[in-house]
Structures are given as structure tokens and as C-alpha cells.
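# Pasting a predicted model and its sequence here:
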Amino acid sequence: MKFAGHHILGINQFERADVDRVFEVADRMRPYARRERKTTVLDGAILGSMFFEPSTRTRISFGSAFNLLGGHVRETTGFESTAIAKGESLYDTARVLSGYSDVIVMRHPTSGSVSEFAAASRVPVINGGDGANEHPSQALLDLFTIRSELAQRQRGLDGLRIAMVGDLRFGRTVHSLSRLLTRFTDVCVSLVSPAELKMPGELVEEMRTSGIEVTETEQLEVGIANVDIVYSTRIQEERFESQADADLYRGRFRLNQSIYTALCEPNTVIMHPLPRDSREGAQELDEDLNNDPNLAIFRQSDNGVLVRMALFALILDVADQVDDYARPVNWSTERRF
């Protein structure tokens, strides 16, 4: 795909070579993410950050990524703080905001809304999550993390064995990751969920058609045995008709240290897109896993900055100029990751 000047709306835009290009640029962003060097390659550029759903990691990591490249961020959060609350359409909002920005990141609770917005935008738009549909940058950072974790064992992405656990019906992160895995060979995917929260059938078929071996089960002990990665997800309570409906599934596939030790291989990596639900009765990933070296959730969130820096550098066509505008930092900083 051509990155410069183009939207990032869904995983189907990416071929394997495109994924490799993103990861190659992301690897080169490490000195800047670690605050060992700083660059001003995007000095004067403006990111319009529009988040109409709650977000911590995605919103702040996109903003941090743009700042680390020397750019500036203007953001709005929630419908109530925008003219959409007064009846303004996505079309009008896109036409206006794209006049103020060089690139826009948007999250919206309705599937397809970011694509609708992008169609009217005069600058590139990155999908930061649209309802239960897709979250392409999360899938890229997830796969970047898997690549990094497997590299420590002299393994590549081909031949990956991964279990996706929890709310696979509404979880947009697993939807995008499933699509991304179709670019690789000899992949085995175990889908672990209640029957009511199964992965959408069209995504399962898409994986199988690409050659992925897919198994579906409601039994955690079956699904997470013999895998390289356990990718746990939160029950997406905001997508249910009521809190009571969501509560029916809360805590159904809880993973704690004793369950992990009993069921998983010794080197199985534990991932989660975050936030994990730490409330009593939920705890899909128990806090007693926090000191387990195979818990990669915070390495995963750190990697979000690298991947999002890469996307900005590619979209704004400065990927090969970043080092030309770099110099050492002049403040004291600890190693970040």
C-alpha cells in the first residue's frame, strides 16, 4: 500500500510487506520513545485527536507518539464537548477539523463511522476504534509485540499458535488481529469464548480460507494449552443492552497464576489489549500475574508508542527523515523499556 497521505481505516489495507514496513520503521523509533534522542521532524505539524469514547492508552499513546516526532496535538474528548452535540454531522465535522490538522485520529462508538468521517476529510485519518468493528493500530502493535516476544526464542511469526479468550463477538481488537494473522503461514488460532460471544462467523471463515487452523471451544483448559500466546480480552460491557447482560459473562474465563501454571506451557506469553477489568468478580487477568515475566501487557502498551510513531512517520512521509532532525535529549531520563 501507499502510506503517504492515505487513511488507515482497517487491516484489509495491509499486505505482509506493508506490515514489515511498519515494523521496520517502529524499530527505528526506539531511541526517541526511550527519550535517548529527540527529533523535530514534525515541528509545526498538528494532530487532531477526536475521541468520542473513553480511552487512556490509545488516546495518550497517539498523542505522545506525535509529540515525540516533534508535532503538536489538539484534542477533543466526548460528544458533549463538540458541535456534534448540537447536531453537526460527521461530514461537516470532518470538513472543519481537517482544515485545522495535518492528520486526524478518531474513535467513535458506531461501526463504520470513522470511514464515513474519513470520506469527508481533507487530511489522512487513522481509525482509533469504531464500535465493535476494527482497531487497526492495536492489531499492529499486538503483532509487533508477538514478534518481539517470539524473537527472544529465535522464532518468527509464521507457525504462531495463539489463543484468543473472552468477548470475541464485540472485541474489535481481536477482529483486527484475526485479519492481520491471515498474512502469515502455518498459524493456529484457538478461539475461547461463551457461545453467545463467539467470533463473528465471517471472520472465522476469513481465517480458515487463508489457511489458518481455527478451533473454537468454550473450555479454557482446552483452548489455552499448547499455545505461544494467550490473548485475553475484557467483556465489552458498553456493547451490551444492559449491565445485567454483561455481568452474565464477567469472570467466566479468569486467568490467574495457578490456572496459568497448571494449563499453559512454561513460556506462554500473556497479552491483553487493556484495560483489564480488575473489579471483583471480573479479573480476566488476575493481579497475581503481575510479577510473572511472561506477562507482556505493559510491554504491549509501550509498543503502542513505537507503532503509532511509525504510522505517523509513514503517513506524513518523513520516515526516512526522522534521524536528520534528531539530537540528544538534555534532561535526565530513565530507561523506559
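Arrived safely.

# what about the residue nearest the centre of the chain, which SS state?
Central residue of the chain (CA atoms, centre = their mean): residue 138, 1.0 Å from the mean position. Secondary structure, DSSP: H, G, I helix; E, B strand; the rest coil: residue 138 is helix.

# roughly how far apart are it and residue 2?
22 Å (CB to CB, to the nearest Å). From N, CA and C alone the C-beta is placed, and that goes for glycine too.

# Okay, buried residues for the longest helix along the chain please.
Counting residues, the longest helix found in the chain (DSSP state H) is helix 297-315. For helix 297-315, burial by neighbour count (16 or more other CB atoms under 10 Å) applies to 297, 300-315.

# Check which helices and strands the helix or strand following that helix sits against.
Next helix or strand after helix 297-315 toward the C-terminus (DSSP states H and E): strand 326-328. Contacts defined by 3 or more CB pairs under 8 Å, 6 or more residues apart in numbering; DSSP states H and E place strand 326-328 against strand 37-39.

# what's the next secondary structure element after the strand it packs on?
strand 46-51.

# circling back to that earlier point, what is the orientation angle of the longest helix of the chain with strand 46-51?
Helix 297-315 runs at 130 degrees relative to strand 46-51, counting by axes from the mean of the first three to the mean of the last three CA atoms, to 10 degrees.

# Please write out the alpha-carbon positions of helix 297-315 in CSV.
Taking Å, rounded to 0.1, in the frame of the first residue of the first chain, the C-alpha atoms of helix 297-315 are listed here in CSV:
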residue,chain,number,x,y,z
ILE,A,297,0.7,-6.4,28.8
PHE,A,298,2.9,-3.5,29.7
ARG,A,299,5.5,-4.2,27.1
GLN,A,300,2.5,-4.4,24.7
SER,A,301,1.3,-0.9,25.7
ASP,A,302,4.8,0.5,25.5
ASN,A,303,5.0,-0.8,21.9
GLY,A,304,1.9,1.2,21.0
VAL,A,305,4.0,4.3,21.0
LEU,A,306,6.6,2.8,18.6
VAL,A,307,4.0,1.6,16.2
ARG,A,308,2.0,4.8,16.2
MET,A,309,5.1,6.8,15.7
ALA,A,310,5.8,4.6,12.7
LEU,A,311,2.3,5.2,11.3
PHE,A,312,2.6,9.0,11.6
ALA,A,313,6.1,9.0,10.0
LEU,A,314,4.8,6.9,7.1
ILE,A,315,1.6,8.7,6.5
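
# which non-adjacent residue is nearest the residue nearest to the centre of the chain?
residue 173 (4.8 Å; CB to CB, 6 or more residues apart in numbering).

# where do the strands sit along this protein?
37-39, 46-51, 72-77, 103-108, 125-130, 161-165, 188-192, 213-217, 229-232, 269-271, 326-328 (DSSP state E).

# lowest-confidence stretch among those strands?
Mean pLDDT values for the strands of the chain show the minimum at strand 72-77, a mean of 91.

# Tell me where the model's unsure across the protein.
81, 237-242, 244-249, 251, 281-283, 335-337 (pLDDT under 70).

# How is it divided into domains?
The chain breaks down into these domains under automatic domain parsing: 11-134+303-328, 136-298.
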